[in-house]
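> next comes the sequence, and after it the predicted model I'd like to discuss.
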Amino acid sequence: MKPVLSTEEVRRLEDLIEKEGTSKAELMELAGEFVASLAEARSPKSVLVLCGFGNNGGDGWVAADILSQKGSDVHVVTPVDPDEIPSALARHVARRTAGRDVAVHVGPSRDELVELIEQSDLVIDAILGTGFHGELRPPFNIWISALNEIGASVISVDVPSGLDSETGERAEACVRADLTATMLAPKIGLYSGDGPEFAGELVCGELYDNLDEVIGEVDHAAEFVDPVDMADFIEPLPGNIDKYSRGSVLVVAGSAMYPGAAMMAAKSAARAGAGYVTVAAPDSCANLIRLALPSIPVVAIPSDSRGSFGAAARSVICEIAPKYDVVLCGPGMTTASGCMQVVSGLLESDVPLILDADALNCLGRGSIDGIDKTPELLRRNGALILTPHHRELSRLVAGDPVHDLRSAIEASQRILWACGSDNMLVIAKGPTTAVVGVDKVLIPTAGPASLATAGSGDVLSGIIAGIVATAHARSDAWPEFGAYAVTVHSYTGFAAAAEMGERSVIATDLIDVIGQALQLVEDEAMHALTGLGAAASKGE
Ligand SMILES: NC(=O)C1=CN([C@@H]2O[C@H](COP(=O)(O)OP(=O)(O)OC[C@H]3O[C@@H](n4cnc5c(N)ncnc54)[C@H](OP(=O)(O)O)[C@@H]3O)[C@@H](O)[C@H]2O)[C@@H](O)CC1
Ligand SMILES: Nc1ncnc2c1ncn2[C@@H]1O[C@H](COP(=O)(O)OP(=O)(O)O)[C@@H](O)[C@H]1O
Ligand SMILES: [K+]
């Protein structure tokens, strides 16, 4: 797993590295070298480097120097003369570079800049890095809009300029990079908000030899989880199991209005590996589900007048629930009063429980000031996984806004820390999904935007249920299994997009390729482990 850091954590890391004997000036040289090596790999004849006032600009000046020494035609654009650059480190490397074979353009007009961009094969964006804050000021807003308009090929240094490295929010103008060369460790903003879209391909320059040791001494905002990190959690199907010992799931879901959600969640759980999946659904839709899923038994529960779980549901469901390894409750259930009672009944039981969709809305309705203010509702002996998307998560914390990865992690942590239970997990879904535990945050590989389709969340909750049910002996590793499930879901998105076309994927397509996705993740994990590299997958 690779650490993902907040801006503050990066500063602490730099200070630690300095104490260990590598100065910030040396780090800047290494950062510039790293950027230059990435630029060189693209064999540009002419390179334009846009430098700002700070150390991000300093990295750019170093890269410019190296590239010109290696024979590229290098132009640097700077807002002020090298002697007037406020950052001492950046001023030093700017003066050095300007004295060499590099063309320096101080404060060009927009037209002059456009001409320079058009004449270059590659632009290095070293305007703003982790020090960017507030409103984007001239001339950088003009530079960035010119760069984006022309659609130049761009490598951004550390973060795309105009992107907040902490929140992933972008300024009115923000560089749209082809590749972002981030230093020491990726910044959390590269995964949040507009980060993934504007950063392009992300590569990390470790710069410092003993990074692995030193980075352990600072907190990590999150850890990025690759398929290779899943290797320990992927096991062959043993020959001596039966359908029950393989892992059993009870899916408590559906209503007259939304029978499909129950079907998709149950089928996904079975496809993800559970040996025995049962659906408990209101009798208003039980027969429909039986017809659609001949391999899955359906327990019909008395409905209310609208076809949702009725008053008798709680006792029937709580009686059968303990027979299963995992209960998944919520998809398509509605928030009728019978459903609210089912949710509270299941929470009172000890069975490992996943609450999704309407079960989360029931929770939200049951706590007036937010679930973090009424943590007793969630405290239980059995393990608990909540799988809210941003709007559901916002409802759980009394309407506080949740709009990106960072705010989703914060809201999840508020709930978890209020409950204080280490057997609880929030899988906060969004364009980038975070698996948040009391003491760790995992960021699995994100899927394509094709996953943004109705019912995709039902498929994910089914996959989670199927995967954790088969892993019942390893409940201490639920965060990792949660991350594995999210990765498999992401890969269903890649596989389905490759088959159906990016825009045409619907949720049932994802279910059909769960087996393929499991295999892709396994192949990638094993290839990386055995050093063969992972090229397969993702429809590439
Ligand atoms: N992490 C590491 O280990 C390493 C980090 N390194 C590099 O250092 C970078 C961080 O450098 P940094 O702290 O100097 O900040 P940076 O991003 O250059 O910006 C500060 C300048 O921008 C200005 N400015 C700010 N907001 C603005 C706005 N809205 N509109 C206009 N201007 C604005 C701000 O002016 P101020 O507002 O403060 O007056 C100040 O002059 C980091 O991203 C990485 O590339 C490597 O060298 C070595 C290893
Ligand atoms: N732009 C996107 N890129 C990648 N994944 C996405 C994107 N938008 C949504 N997703 C994923 O799709 C799923 C949608 O879940 P959810 O909102 O619960 O859907 P539904 O309620 O319709 O089933 C989540 O797993 C989420 O992470
Ligand atoms: K930058």
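Arrived safely, thanks for sending. Because the structure is a prediction, the values reported are computed rather than measured. Ligands and ions are numbered 1, 2, ... in the order given.
> C-alpha from now on. contacts and neighbour counts both.
Noted.
> and stretch 11-30, how far out from the chain's middle?
Offset of stretch 11-30 from its chain centre (CA atoms, centre = their mean, to the nearest Å): 28 Å.
> buried residues, that stretch. List them.
The neighbour-count check on stretch 11-30 (16 or more other CA atoms under 10 Å) flags R12, L13, E14, L16, I17, A25, L27, M28, E29, L30 as buried.
> and the strands in the stretch 101-250 of the chain?
103-106, 122-126, 154-157, 179-183, 201-205, 222-225, 248-252 (DSSP state E, counting those that start in this stretch).
> dump these to TSV, plus mean neighbour count and mean pLDDT.
Output for those, formatted as TSV (neighbours: other CA atoms under 10 Å; pLDDT from 0 to 100):
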stretch	mean neighbour count	mean pLDDT
strand 103-106	17	97
strand 122-126	27	98
strand 154-157	28	98
strand 179-183	24	98
strand 201-205	16	96
strand 222-225	21	96
strand 248-252	30	97
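> redo these as a markdown table? Include distance to H403.
Below are the strands of the stretch 101-250 of the chain laid out as a markdown table (distance: least, CA to CA, whole Å):
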| stretch | distance to H403 |
| --- | --- |
| strand 103-106 | 39 |
| strand 122-126 | 27 |
| strand 154-157 | 25 |
| strand 179-183 | 23 |
| strand 201-205 | 22 |
| strand 222-225 | 18 |
| strand 248-252 | 29 |
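> can you list the residues of the chain near ligand 3?
A126, L128, G129, S156, V157, V159, P160, S161 (CA under 5 Å from the ion).
> so what's the third one up against?
Put plainly, it is G129. Contact analysis of G129 by CA atoms under 8 Å, 6 or more residues apart in numbering lists N55, N56, V157, D158, V159, P160, S161, S165.
> up against ligand 2, what does the stretch 351-500 of the chain have?
The stretch 351-500 of the chain has residues 389, 429-431, 433, 446-449, 451-458, 460 near ligand 2, with proximity defined as CA under 6 Å from any ligand atom.
> buried ones only from the residues you listed, please, as a PyMOL command.
Of these, the buried ones go into a single PyMOL selection, burial set by 16+ other CA under 10 Å:
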select buried, resi 389+429+430+431+433+446+447+448+451+452+455+456+457+458+460
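> by proximity to ligand 3, which residue of the stretch 201-350 of the chain wins?
Closest residue of the stretch 201-350 of the chain to ligand 3, CA to the ion: L202 (12.7 Å).
> next, the residue in the chain sticking out farthest from the centre: phi, psi?
No residue in the chain sits farther from the centre than G99, which is 43.9 Å out by CA atoms, centre = their mean. With angles defined as degrees, to the nearest 10, G99 sits at phi -80, psi 0.
> start at 400 instead
With 400 as the first residue, the last one maps to G498.
> mind checking pLDDT for it?
On pLDDT, G498 comes in at 91.
> and for V501?
V501 is assigned a predicted lDDT (pLDDT) of 94.
> let me see the domain layout of the chain.
Domains of the chain are assigned by automatic domain parsing as 401-619, 629-648+656-672+687-693+704-928.
> with only the CA atoms kept, save the lengthiest helix in the chain in PDB.
Taking DSSP state H as the criterion, the chain has its longest helix at helix 877-899. Extracted in PDB, the C-alpha atoms of helix 877-899 (Å, rounded to 0.1, in the frame of the first residue of the first chain):
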ATOM      1  CA  TRP A 877     -12.400  -6.400   6.800                       C
ATOM      2  CA  PRO A 878     -10.900  -3.100   5.600                       C
ATOM      3  CA  GLU A 879      -8.600  -5.000   3.200                       C
ATOM      4  CA  PHE A 880     -11.500  -7.200   2.000                       C
ATOM      5  CA  GLY A 881     -13.600  -4.100   1.600                       C
ATOM      6  CA  ALA A 882     -10.900  -2.600  -0.500                       C
ATOM      7  CA  TYR A 883     -10.700  -5.800  -2.500                       C
ATOM      8  CA  ALA A 884     -14.400  -5.700  -3.100                       C
ATOM      9  CA  VAL A 885     -14.300  -2.000  -4.300                       C
ATOM     10  CA  THR A 886     -11.400  -2.900  -6.600                       C
ATOM     11  CA  VAL A 887     -13.400  -5.800  -8.100                       C
ATOM     12  CA  HIS A 888     -16.300  -3.400  -8.600                       C
ATOM     13  CA  SER A 889     -14.000  -0.900 -10.300                       C
ATOM     14  CA  TYR A 890     -12.800  -3.600 -12.600                       C
ATOM     15  CA  THR A 891     -16.300  -4.700 -13.500                       C
ATOM     16  CA  GLY A 892     -16.600  -1.100 -14.800                       C
ATOM     17  CA  PHE A 893     -13.500  -1.400 -16.900                       C
ATOM     18  CA  ALA A 894     -14.500  -4.900 -18.300                       C
ATOM     19  CA  ALA A 895     -18.100  -3.800 -19.000                       C
ATOM     20  CA  ALA A 896     -17.000  -0.600 -20.700                       C
ATOM     21  CA  ALA A 897     -14.700  -2.600 -22.900                       C
ATOM     22  CA  GLU A 898     -17.500  -4.900 -23.900                       C
ATOM     23  CA  MET A 899     -20.500  -2.500 -24.000                       C
END
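> which strands or helices does that helix pack on?
Counting contacts by 3 or more CA pairs under 8 Å, 6 or more residues apart in numbering; DSSP states H and E, helix 877-899 packs against strand 823-827, strand 833-836, strand 840-843, helix 855-869, helix 906-911, helix 913-928.
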